[in-house]
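With the sequence up front, the predicted model follows.
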Amino acid sequence: MGNFNFIETKISDVYVIEPKIFGDNRGYFMETYNRKHFEEAGLNMNFVQDNESRSTKGVLRGLHFQKRHSQGKLIRVSKGEVFDVAVDLRNGSKTHGKWEGIILSEENKKLFYIPEGFAHGFLVLSDEAIFNYKCTDFYAPEYEEGIKWNDPNINIEWPLDKVNNVILSEKDKLNIGINEIDLREYPDYNI
């Protein structure tokens, strides 16, 4: 639709999005978001915040979510390469506890849309990565939680062969397992 190819994943409401690239000997141009085209694809989100992070090889951020004010995210990488992951935390979902992952890079220019009700994390595969994402709600640190990146109950197949070691923040070292989280009382996680 429009300047995008919206690809459904094995998890409902999670999309890989391929923008059309218009290039010539001078360089390239692409749209990274177009409200009209996204709405035509059934993605009716309202973004309120844009974020950017820079990380080095082996940095793993996540798996993060907010108990209240859950954030939908439209993600892309403008420099380098990451393995990006979404974990379904929605109560009543057929894919609760399942994950979807994709390599995002400056070369493939793909975008990843993760709706509200998911945990999110990424592993940097290149020497450096610039990670950009739009959010549907504001950051609310008082509601932020985290799930262990290597929780065996989720069993994410991280491409660890591409990094020497995983680098976690002190906060992410304290993340808990998915079975220790009960989100039934939070409306953002009910479908």
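Everything's here; your move.

Could you check the pLDDT of the residue of the chain most remote from its centre?
Distance to the chain centre peaks in the chain at Asn25, reaching 32.2 Å (criterion: Cα atoms, centre = their mean). At Asn25, the pLDDT value in this model is 94.

Share the number of residues neighbouring the closest residue in space to Ser53 that isn't next to it in sequence, please.
Across the structure, with Cβ to Cβ, 6 or more residues apart in numbering as the measure, the residue nearest Ser53 apart from its sequence neighbours is Phe131 (4.8 Å). For the C-beta atoms, the positions are set from N, CA and C on the backbone; glycine is no exception. Other residues lying near Phe131 total 22 when counted by other Cβ atoms under 10 Å.

Just confirm Phe131 is within a strand.
Yes. Inclusion of Phe131 in a strand is indicated when DSSP: H, G, I helix; E, B strand; the rest coil is applied.

Let me see the contact set for it.
Contact analysis of Phe131 by Cβ atoms under 8 Å, 6 or more residues apart in numbering lists 52-55, 75, 77, 82, 122.

Same question for Phe4.
Under the criterion of Cβ under 8 Å, 6+ apart, the neighbours of Phe4 are 17-20, 31, 34, 37-38, 41.

Do a quick rundown of the strands in this protein.
Per DSSP state E, the chain carries strands over the ranges 4-8, 15-19, 22-24, 27-29, 49-56, 60-66, 73-79, 81-88, 99-105, 111-114, 118-124, 128-135, 144-146.

Tell me the buried residues in the fifth one?
Read it as strand 49-56. Ser55 (16 or more other Cβ atoms under 10 Å).

residues in contact with it?
By Cβ under 8 Å, 6+ apart, the list of residues contacting strand 49-56 from outside reads 61, 124, 127-135, 137-139, 167.

in the chain, which segments are predicted with low confidence?
Low-confidence segments of the chain, defined by pLDDT under 70: 1.

State the distance from Asp127 to Gly27.
Taking Cβ to Cβ, to the nearest Å as the measure, Asp127 and Gly27 are separated by 23 Å.

The two: which has the busier surroundings?
Just comparing Asp127 and Gly27: by other Cβ under 10 Å the higher neighbour count belongs to Asp127, 11 against 7.

re the thing from before, can you flag the buried ones in the contacts of Phe4?
Members of these that pass the buried threshold by neighbour count (16+ other Cβ under 10 Å) are listed as 17-19, 37-38, 41.

first to last residue in stretch 118-130, what's the distance?
In terms of Cα to Cα, to the nearest Å, the two terminal residues of stretch 118-130 are separated by 22 Å.

got the buried residues for it?
Using 16+ other Cβ under 10 Å as the test for burial, stretch 118-130 gives 118-126, 129-130.

what's the answer for stretch 179-191, then?
In stretch 179-191, the ones that count as buried by 16+ other Cβ under 10 Å are 183, 186, 188-189.

I'd like these written out as CSV, with distance to Tyr143 added.
Converted to CSV, the buried residues of stretch 179-191 look like this (distance: Cβ to Cβ, whole Å):
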residue, distance to Tyr143
Leu183, 11
Tyr186, 9
Asp188, 10
Tyr189, 12
